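Participant: turn this into a structure:
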Amino acid sequence: MSNICISYRREDNAGWTGRLSEHLKERFGADSIFMDIDTIEPGVDFTEALKKAVNSCDVLLAIIGPKWTTATNASGTRRLEDPADWVRTEIATALTRKIRVIPVLVGGASVPTIEQLPDDLDVLAQCQAYELADTRWHYDVEQLVKSLPAARQIPPTRPGATPEVASTGPLKPTV
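Facilitator: Numbering: from 1, shown residues only. From the prediction side, this is the model:
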């Protein structure tokens, strides 16, 4: 299962999240990153897939955009106030499991205050956040990657570099 789970609001930060997901896949491999739109196959129970991903990840990236705290549902209620809101559920589950939750700020967003969060997400306001700015995107992403579990990282490749191959002894010519 994925060791990095990405939690986000599509209407708030899907573009930034997709861009980040692609960078993370390059560094950790696609199987190590869970992002609903890329990972859940057609016909699979969405609820079960999200629960399984959050319950088995090592770190959850909570992508927070400019409208993350103010997003509303069809009836005009703030989505964070809805106990069934998926973003709230994903983050609350991760916090309860005591897994590392990193608030990742995009689009100039700020870390939500305790007053903006429901009680089960209060701890999020105290988690060290990381900002990804459009003007320094590659640098910021690389710094974020360095802070994530290194065990599954794939070394970055340089243009023109050939991948290293483990040697099992002297090379033999092929005929």
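Participant: low-confidence stretches in this protein?
Facilitator: Flagging of the chain using pLDDT under 70 yields the residue ranges 1-2, 37-42, 46, 150-175.
Participant: helices of that one, start to end?
Facilitator: Assigned helices in the chain, in chain order: 10-28, 36-39, 46-56, 86-96, 137-147 (criterion: DSSP state H).
Participant: mind checking how far Ala94 is from Lys67?
Facilitator: Remark: distance between Ala94 and Lys67 (Cβ to Cβ, to the nearest Å) = 22 Å. Any C-beta I mention is one placed from the backbone N, CA and C, and that applies to glycine too.
Participant: one more: Gly76?
Facilitator: Between Gly76 and Lys67 the distance, using Cβ to Cβ, works out to 14 Å.
Participant: settle it for me: which of these two has more neighbours?
Facilitator: With other Cβ atoms under 10 Å as the criterion, Gly76 and Lys67 differ in neighbour count, and Lys67 comes out ahead with 15 against 6.
Participant: list the contacts for that one?
Facilitator: For Lys67, the contacting residues are Arg9, Glu11, Asp12, taking Cβ atoms under 8 Å, 6 or more residues apart in numbering as the criterion.
Participant: and if we set it to 6 Å?
Facilitator: Residues in contact with Lys67, defined by Cβ atoms under 6 Å, 6 or more residues apart in numbering, are Asp12.
Participant: and the gap between it and Lys51?
Facilitator: Spatial separation of Lys67 from Lys51 under the definition Cβ to Cβ is 26 Å.
Participant: for Asp45, same thing?
Facilitator: Plainly put, Asp45 is 9 Å away from Lys51 if you go by Cβ to Cβ.
Participant: these two: which is more packed in?
Facilitator: In this comparison of Asp45 against Lys51, neighbours counted by other Cβ under 10 Å, the higher total goes to Lys51 at 14 against 10.
Participant: spatially nearest residue to that one, not counting backbone neighbours?
Facilitator: Excluding the flanking residues, the one nearest Lys51 by Cβ to Cβ, 6 or more residues apart in numbering is Thr93, at 7.6 Å.
Participant: and the one you found, how many neighbours?
Facilitator: 21.
Participant: now do Ala14
Facilitator: When neighbours are counted by other Cβ under 10 Å, Ala14 comes out with 15.
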